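K.L.:
Have a look at this prediction, sequence included:
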Amino acid sequence: MAYRMLAMLFGLLMLAGCGQKEVEVVQSEKRFSPVEERVKSGKANNIHSLIAWQGTEKVFELHRQGGGTYGTQKTSSVPVGADKLHNVHSVTKSFVATLIFIAIDEGRLANLDVPVFSLFPEYQQDDRSAKMAITVRDVMNMSTGYALDELATSYRQGSGNVFARHYMAEDLQAMFLSTKLSFEPGSRFAYSGLSTVGLSKIIERLYHKPFAVVMKEKLFQPLGIEDYRWQTQHGSNEPGADWGLMLSPLDMGKFGLMWVNRGQYQGKQIVASHWFDMLRSSAFHSYSMGYGLHFWQLSQIPGAVAANGIGEQYIVMLPNQDAVIVATGGNYDLASMPSLEAVRLLASLL
């Protein structure tokens, strides 16, 4: 059914979010008791998992049964556990962006200021000259120049949200290249999954293979991530570069540990160390957070850099504490961010 996935993403997914639910504390210490109490009391609302690492050691792990989405299905009981796959939604975007950094490290892309349309000489429409102003950096900063802002309307609106435009498109590359330029690239923030789709097409152009294959080779295999799932765009049937990953909380943590250790994981340098410094700087601000290079800078937690997804999925890197916190949940369409407050509290106790 054409709008099945849209209904999953955009529906009010609060099937079991607000009541008291079973909480399993797998690992903790006395200092973390305020976090346990916050979750048990329901103040973190529909949080599913909360795990923290400091150095290379896991120091906290908690899971809570609750409802939300699993793959394409709404459910009152999402599979919850450290090794259970979970929809990570827009956390996927930060994984795709990391491939851009790796491409530069490997010399396949000169730098972030390469004009995107120089990589697509086949595009010869009348607006090509104007679009040559769009750099890879602009796309990474969600400042492509396209008047598409998914944060301007609720995802509950389904086809009324601009996400539906590329979700239903049969040719994603053609859509990314042909979208009308509406403002000067780099001048303002417009959060759109189509920008991430554009990054995936840049990766495919540079590596001559599907971006999901590149991600497996360049990220998943070095990080030891074997159990994952891609959900696909409806129109193109391509993996959802901007939303489609399902990962376990433990594997989400591996990505965070790589970044907080400046691109290194278990002795392997996966991405160059200097990129993490760049992730700590904001190009724009939205939702009381900074945004730059497809990562969020959290004003709520000093020094924190995060990959965020709708429903309160977080991979939070804390360089000041040499720590990583992962949270998953089903907190869709809330004005507040109750899971993030639990993450903030946990960070303050590390």
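P.N.:
Looks like it arrived, so ask away.

K.L.:
so what's residue 306 up against?
P.N.:
Counting by CB atoms under 8 Å, 6 or more residues apart in numbering, residue 306 touches 295-298, 314-317. The way it works is simple: take the backbone N, C-alpha and C, and place the C-beta from them, glycine included.

K.L.:
Export those as TSV, with columns for secondary structure, neighbour count and pLDDT.
P.N.:
Shown next, in TSV, are these (DSSP: H, G, I helix; E, B strand; the rest coil; neighbours: other CB atoms under 10 Å; pLDDT from 0 to 100):
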residue	secondary structure	neighbour count	pLDDT
295	strand	27	98
296	strand	22	98
297	strand	20	98
298	strand	23	97
314	strand	26	98
315	strand	29	98
316	strand	26	98
317	strand	26	98
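
K.L.:
Quickly find the element holding the nearest residue to residue 273 once chain neighbours are set aside.
P.N.:
Closest residue to residue 273 apart from its sequence neighbours, by CB to CB, 6 or more residues apart in numbering: residue 262 at 3.9 Å. Using DSSP states H and E, residue 262 falls within no helix or strand.

K.L.:
was I right about residue 262 contacting residue 278?
P.N.:
No: between residue 262 and residue 278 there is no contact under CB atoms under 8 Å: 11.4 Å.

K.L.:
Between the contacts of residue 306, which sits nearest residue 21?
P.N.:
Comparing the contacts of residue 306 against residue 21 with CB to CB places residue 314 closest, at 19.1 Å.

K.L.:
if I read this right, that closest one contacts residue 325, doesn't it?
P.N.:
Yes: at 7.1 Å, residue 314 and residue 325 qualify as touching, with contact defined as CB under 8 Å.

K.L.:
what is in contact with those two at once?
P.N.:
Looking at what touches both residue 314 and residue 325 (by CB under 8 Å, 6+ apart), the common residues are residue 343.

K.L.:
The residue nearest to residue 273: how many residues sit nearby?
P.N.:
15 (other CB atoms under 10 Å).

K.L.:
roughly how far apart are it and residue 305?
P.N.:
Between residue 262 and residue 305 the distance is 12 Å, computed by CB to CB, to the nearest Å.

K.L.:
what is in contact with the two at once?
P.N.:
Joint contacts of residue 262 and residue 305 (CB under 8 Å, 6+ apart) are residue 276.

K.L.:
Could I get the full set of helices for the protein?
P.N.:
4-10, 33-40, 91-105, 128-131, 136-140, 163-167, 172-178, 193-207, 211-215, 221-223, 249-260, 274-279, 338-349 (DSSP state H).

K.L.:
tell me the mean pLDDT for the fifth one?
P.N.:
Per-residue pLDDT values across helix 136-140 average out to 98.

K.L.:
neighbouring contacts of it?
P.N.:
In contact with helix 136-140 (CB under 8 Å, 6+ apart) are residues 97, 100, 109, 111-114, 116, 144-145, 185-186, 195, 198-199, 202, 292-294.

K.L.:
7 Å - rerun?
P.N.:
97, 100, 109, 112-114, 116, 144-145, 185-186, 195, 198-199, 202, 293-294 (CB atoms under 7 Å, 6 or more residues apart in numbering).

K.L.:
so how far is it from its chain's centroid?
P.N.:
16 Å (CA atoms, centre = their mean, to the nearest Å).

K.L.:
Now it: buried residues?
P.N.:
For helix 136-140, a neighbour-count test (16 or more other CB atoms under 10 Å) marks 136-140 as buried.

K.L.:
Just give me the neighbour total for residue 182.
P.N.:
11.

K.L.:
first to last residue in stretch 292-306, what's the distance?
P.N.:
One end of stretch 292-306 sits 11 Å from the other (CA to CA, to the nearest Å).

K.L.:
Let me see the contact set for residue 205.
P.N.:
119-120.

K.L.:
Recalculate using a threshold of 6 Å.
P.N.:
For residue 205, the contacting residues are residue 119, by CB atoms under 6 Å, 6 or more residues apart in numbering.

K.L.:
List the contacts of the closest residue to residue 97 other than its chain neighbours.
P.N.:
Closest residue to residue 97 apart from its sequence neighbours, by CB to CB, 6+ apart: residue 294 at 3.3 Å. Listed by CB under 6 Å, 6+ apart, the contact set of residue 294 reads 93-94, 97, 140.

K.L.:
and the residue nearest to residue 79 when sequence neighbours are not counted, what pLDDT?
P.N.:
In space, and not counting its chain neighbours, residue 79 is closest to residue 70: 6.2 Å by CB to CB, 6+ apart. Looking at residue 70, its pLDDT stands at 96.
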